[in-house]
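Trainee: I'd like to go over a predicted model; first the sequence, then the structure.
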Amino acid sequence: MSNRDATDTIIGYFYQFDHSISKLLELNRNEDSITIEGIEDVDIKTIDEDTAIQCKYYAKTEYNHSVIAKPIRLMLNHYKEVKLGLKTSVNYYLYGHYKGGQDKLILPLTKKFLKENFLTFKKDNILHSHHDELGLEDHDLDDFITKLTIDINALSYDIHLENILELLEVQFSCSRFEAEHFYYNNALKVIKEIATKTDVSEREISKKEFLNKIDKKQLLFDEWFVRFKGKKKLLSSLRKEYFTHLNTSPFERFFLIEIDKSNYLRSELKELLFLISRKWSNLSKREPTPFCPYVYIHNISQNALIELKKDLYRENFRFVDGFNFYGASFSPKSLCVTANYENKIKVKIINEIEHFDLILDEISNTKEIYQFYLQKPYFNLDNEGIKHVSIRYENLNDLKEIV
């Protein structure tokens, strides 16, 4: 498959995901639900009716009747099962975006047009009349047409996504960044997970359940969101939103960094500490309230942390860790000492996550916590007065592009 074909395929998947997301957000009642890839791509269940939706995106393809003929025949198959009492009656909705050629479809749909263009076809040089093979009469086709809606002028991918982000902004009273990076990001993950369930009963989700699942203000480095956004652009947008260095305020900033202890280089970790210190410290004589960052490294072994500190000490990189002398107990006051031009403290290292409450209680200044995790957050803070941002990441080099 060429890169262009692969990109088109990915966009097609996103378009179907987005359609499911928008349909959930547009449901009138929290109890209403949809089923992902049930009868069709999306099945909608409300108090008033059930609807089966086939959703396709062909931005580079001209519309031809053959493109939607098979989906219509599959819908007719379901209609026949309804007549036999095997399935529940639904309305059918065919939704698609095409490069052009929409004028070929004449609406409203007639029985004659339906038969000639969608139900009659050749396979292996044999002419098939799908309605006849199903044993359906003309009055059945008339009834089927009343249940079928075809829209081949669906929104483009970009406009569709824009509408979703606007719906999310309204739903959660949030900024565009939050709508995209928190809620849309989470929504993609939820829809993707539901779509992969084998049992169709597990692929149903109500609007209420969906909103609860996506209402999480943590940045997921989800593979689908990375594909949607592009990794470089994603890292850049995170940096712009949270880590712009201009007009840095003298806050007490905590950088919590989880490492894969079996797959990291101490040299890379040191480079990251140097970068964080350089960007988020101000020890100038002219700074009235000098400051430097706190760093906690999650999953690092005690011996590895000691070796890291030895390197920092040898390289004359001044730090404190809350222990005043060999054998001393941890002192939050010692760790929270003000960094300045005279003592040249460039970073404050937190050895154990259990020390956090003591440290936060010791500090009266504005505090901000940035937690970077590999799979799931490892630090929870129940304090709305402290800014706490959780970001999932893949490797240490990614963090160098963010902070």
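Mentor: Everything's here; your move.

Trainee: just the CA atoms of stretch 110-125, as PDB, please.
Mentor: Provided in PDB are the C-alpha atoms of stretch 110-125 (Å, rounded to 0.1, in the frame of the first residue of the first chain):
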ATOM      1  CA  THR A 110     -38.000   5.600  -6.800                       C
ATOM      2  CA  LYS A 111     -38.600   1.900  -6.900                       C
ATOM      3  CA  LYS A 112     -37.500   1.700 -10.500                       C
ATOM      4  CA  PHE A 113     -34.200   3.600  -9.800                       C
ATOM      5  CA  LEU A 114     -33.600   1.400  -6.700                       C
ATOM      6  CA  LYS A 115     -34.000  -1.800  -8.700                       C
ATOM      7  CA  GLU A 116     -32.000  -0.800 -11.800                       C
ATOM      8  CA  ASN A 117     -29.000   0.900 -10.100                       C
ATOM      9  CA  PHE A 118     -28.600  -0.800  -6.700                       C
ATOM     10  CA  LEU A 119     -30.400  -4.100  -6.700                       C
ATOM     11  CA  THR A 120     -29.500  -5.500 -10.100                       C
ATOM     12  CA  PHE A 121     -25.900  -6.500 -10.700                       C
ATOM     13  CA  LYS A 122     -23.700  -9.000 -12.500                       C
ATOM     14  CA  LYS A 123     -21.400 -11.400 -10.700                       C
ATOM     15  CA  ASP A 124     -19.400 -14.000 -12.600                       C
ATOM     16  CA  ASN A 125     -21.300 -13.000 -15.800                       C
END
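
Trainee: show me what counts as buried in stretch 145-157.
Mentor: By 16 or more other C-beta atoms under 10 Å, the buried positions in stretch 145-157 come out as 145, 147-148, 150-152, 154-155, 157. For every residue, glycine as well, the C-beta is placed using N, CA and C.

Trainee: and stretch 373-391, by the same measure?
Mentor: In stretch 373-391, counting by 16+ other C-beta under 10 Å, buried: 373-374, 377, 379, 381, 388-391.

Trainee: centre of the chain versus that stretch, how much separation?
Mentor: In this view, stretch 373-391 has its centroid 17 Å away from the chain centroid, taken as C-alpha atoms, centre = their mean, to the nearest Å.

Trainee: and the end-to-end length of that stretch?
Mentor: Counting by C-alpha to C-alpha, to the nearest Å, you get 6 Å between the two ends of stretch 373-391.

Trainee: what about that stretch, average pLDDT?
Mentor: If you average the pLDDT over stretch 373-391, you get 88.

Trainee: with only the CA atoms kept, save stretch 241-255 in PDB.
Mentor: Only the C-alpha atoms of stretch 241-255 are listed here, as PDB (Å, rounded to 0.1, in the frame of the first residue of the first chain):
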ATOM      1  CA  GLU A 241       0.000  25.400  25.700                       C
ATOM      2  CA  TYR A 242       2.000  24.600  28.900                       C
ATOM      3  CA  PHE A 243       5.700  25.300  28.500                       C
ATOM      4  CA  THR A 244       6.200  28.600  26.800                       C
ATOM      5  CA  HIS A 245       9.200  30.100  28.500                       C
ATOM      6  CA  LEU A 246       8.200  33.800  27.800                       C
ATOM      7  CA  ASN A 247       7.400  35.800  30.900                       C
ATOM      8  CA  THR A 248       8.000  32.800  33.200                       C
ATOM      9  CA  SER A 249       6.400  33.500  36.600                       C
ATOM     10  CA  PRO A 250       8.300  32.600  39.800                       C
ATOM     11  CA  PHE A 251       6.100  29.700  40.700                       C
ATOM     12  CA  GLU A 252       7.100  26.400  42.400                       C
ATOM     13  CA  ARG A 253       7.000  24.000  39.500                       C
ATOM     14  CA  PHE A 254       7.200  20.200  40.000                       C
ATOM     15  CA  PHE A 255       8.200  17.900  37.100                       C
END
